[in-house]
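Trainee: Pasting the sequence and the predicted model now:
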Amino acid sequence: MARLVGAVALAGPDWQSVELQGHGSPDPTVILISLSQTINATDQSPTRLAAAIHKASEILKEIDDGQVVLFVYADQPFIAVPPTDDDKVIDGILTQVSTDLVVLQHDNYRLAEPAIFMLEDY
């Protein structure tokens, strides 16, 4: 079974297992974070975005080896960090993740799974 995990921040961090069919490392860990305005909700302290970033940091601590990919999405998916073995790169980018990074503020959660196929170029 693939060790691929997606952290999708919709109504809060959520985990899904998605099979990746691509090049390079067969089982990278994929972290997906929504950057729509709903992620700024304060129903989780301090915000859903902060909770998602914290969860992503926890995932990074649990990974012994293998590649990690960071996707962010709102209206379109973006590879924030392409597949890397360096957790510090992902951690550094996580500190900069903000809803200010995207122009359109739609929460198109349907993009989360198809975004994985963007990795075929790597």
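Mentor: Yes, it's here.
Trainee: helix or strand for residue 60, which one?
Mentor: helix 48-62 (DSSP states H and E).
Trainee: Which SSE is immediately downstream of that helix?
Mentor: Per DSSP H and E, the first helix or strand lying C-terminal to helix 48-62 is strand 68-73.
Trainee: re earlier: any idea of the mean pLDDT for the helix holding residue 60?
Mentor: The pLDDT scores in helix 48-62 average 92.
Trainee: buried sites along that helix?
Mentor: By neighbour count with 16 or more other CB atoms under 10 Å, helix 48-62 contains the buried residues 48, 49, 51, 52, 53, 55, 56, 59, 60. The way it works is simple: take the backbone N, C-alpha and C, and place the C-beta from them, glycine included.
Trainee: Residue 41: which of these is nearest?
Mentor: residue 48 (5.2 Å; CB to CB).
Trainee: My read is that the closest one contacts residue 41, right?
Mentor: Yes - counting by CB atoms under 8 Å, residue 48 touches residue 41, with 5.2 Å between them.
Trainee: Need the contact partners of stretch 84-101.
Mentor: 31, 33, 35-37, 39-40, 49, 53, 56-57, 60, 63, 65-70, 72, 74, 80-81, 105 (CB atoms under 8 Å, 6 or more residues apart in numbering).
Trainee: Just the CA coordinates for the longest strand anywhere in the chain, please, in CSV.
Mentor: Identified as the longest strand of the chain according to DSSP state E is strand 77-84. The C-alpha coordinates for strand 77-84 follow below in CSV (Å, rounded to 0.1, in the frame of the first residue of the first chain):
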residue,chain,number,x,y,z
PRO,A,77,-3.6,23.8,-7.7
PHE,A,78,0.1,24.9,-7.4
ILE,A,79,3.1,22.9,-6.6
ALA,A,80,4.6,25.1,-3.8
VAL,A,81,7.5,22.7,-3.3
PRO,A,82,8.3,20.0,-5.9
PRO,A,83,9.3,16.5,-4.7
THR,A,84,12.2,16.9,-2.2
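Trainee: What pairs with that strand, parallel or antiparallel?
Mentor: strand 68-73 (antiparallel) (DSSP bridges).
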